[in-house]
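J.: Turn this into a structure:
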Amino acid sequence: GNKSSEDSKNALFGLFCVILACVLSGLAGVYFEKILKNSKVSIWVRNIQLGMFGTFFALMTTYLSDYDKVKEFGFFFGYTPLVWLNIFIQSSGGLLVAVVIKYADNILKGFATSIAIVVSCIASAYFFNTEINSIFAFGTLLVVLSVFMYSYTPPPQQPVLPISNNQNGGTKSTAISL
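T.: Reported below is the predicted structural model:
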């Protein structure tokens with residue numbers, strides 16, 4: 001009755017949100033690529049600008065939501081080596097994305113992200129016994145096929161050479177391919 005109707009509404013809303021997120025992410029990626037490739041400013045300066053923008057809003061959010069805790073325990077309270085490793089990996093990933101977009105393109109970045117998700121899920125299944133279902137397998141197949149189709153270049157056509165069959169050096173209209 002009512003439960004399945006509610007579930008289908010949630011599924012449709014979820015599908016709409018995923019499609020909207022994909023479209024907005026694609027638009028943002030294309031715009032980011034345009035900005036990076038058409039800019040006279042170096043990629044490192046652009047990254048510092050983006051980092052400062054993100055840092056400002058992160059600090060503002062931290063102090064608005066947890067000012068009392070930060071004042072009492074300090075800003076870096078609870079930072080373990082694992083947290084520092086995560087910060088390093090995330091910041092390195094941000095720099096790597098900028099380099100990929102600067103020297104490759106947004107489509108390649110999308111493929112790299114998709115492959116990274118598939119590899120992470122497979123590693124999760126191996127290390128944490130996460131179940132891989134048929135939907136995941138189908139998604140993996142789509143990722144692999146899309147990467148193959150995008151990177152596939154058909155073999156070059158072999159040149160067609162005329163055959164010389166005539167005593168006076170002329171050529172016949174018959175041709176063979178090598």
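
J.: per-residue confidence at Thr55?
T.: Per-residue pLDDT puts Thr55 at 90.

J.: Can you tell me how far it is from Asn133?
T.: The gap separating Thr55 from Asn133 is 39 Å, by Cβ to Cβ, to the nearest Å. C-beta coordinates here come from the backbone N, C-alpha and C atoms, glycine included.

J.: Lys40 too?
T.: Taking Cβ to Cβ, one finds Lys40 at 49 Å from Asn133.

J.: list the buried ones in the longest helix seen in the chain?
T.: When the chain is parsed with DSSP state H, its longest helix is helix 2-37. Buried residues in helix 2-37, counted by 16 or more other Cβ atoms under 10 Å: 29, 32-33, 36.

J.: Tell me which other helices or strands that helix touches.
T.: Using 3 or more Cβ pairs under 8 Å, 6 or more residues apart in numbering; DSSP states H and E, the elements in contact with helix 2-37 are helix 43-73, helix 81-103, helix 106-128.

J.: Dump those helices to a markdown table, plus mean neighbour count and distance to Ser146.
T.: Putting those into a markdown table (neighbours: other Cβ atoms under 10 Å; distance: least, Cβ to Cβ, whole Å) gives the following:
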| stretch | mean neighbour count | distance to Ser146 |
| --- | --- | --- |
| helix 43-73 | 11 | 27 |
| helix 81-103 | 12 | 17 |
| helix 106-128 | 14 | 7 |
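
J.: Let me have the ones you listed in JSON lines, adding distance to Ala137 as columns.
T.: Shown next, in JSON lines, are these (distance: least, Cβ to Cβ, whole Å):
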{"stretch": "helix 43-73", "distance to Ala137": "36"}
{"stretch": "helix 81-103", "distance to Ala137": "26"}
{"stretch": "helix 106-128", "distance to Ala137": "10"}
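
J.: between these, which gets nearest to Asn10?
T.: Ranking the helices and strands packed on helix 2-37 by proximity to Asn10 (Cβ to Cβ) places helix 106-128 first, at 23.1 Å.

J.: angle of that closest one against helix 2-37?
T.: In terms of direction (axes from the mean of the first three to the mean of the last three Cα atoms, to 10 degrees), helix 106-128 departs from helix 2-37 by 130 degrees.

J.: Spit out the contact partners of the closest residue to Val100 other than its chain neighbours.
T.: Spatial nearest neighbour of Val100, chain neighbours left out: Lys109 (5.1 Å); criterion: Cβ to Cβ, 6 or more residues apart in numbering. Lys109 is in contact with 29, 97, 100-101, counting by Cβ atoms under 8 Å, 6 or more residues apart in numbering.

J.: and stretch 66-85, how far out from the chain's middle?
T.: 31 Å (Cα atoms, centre = their mean, to the nearest Å).

J.: can you list the residues that contact that stretch?
T.: By Cβ under 8 Å, 6+ apart, stretch 66-85 touches 62-63.
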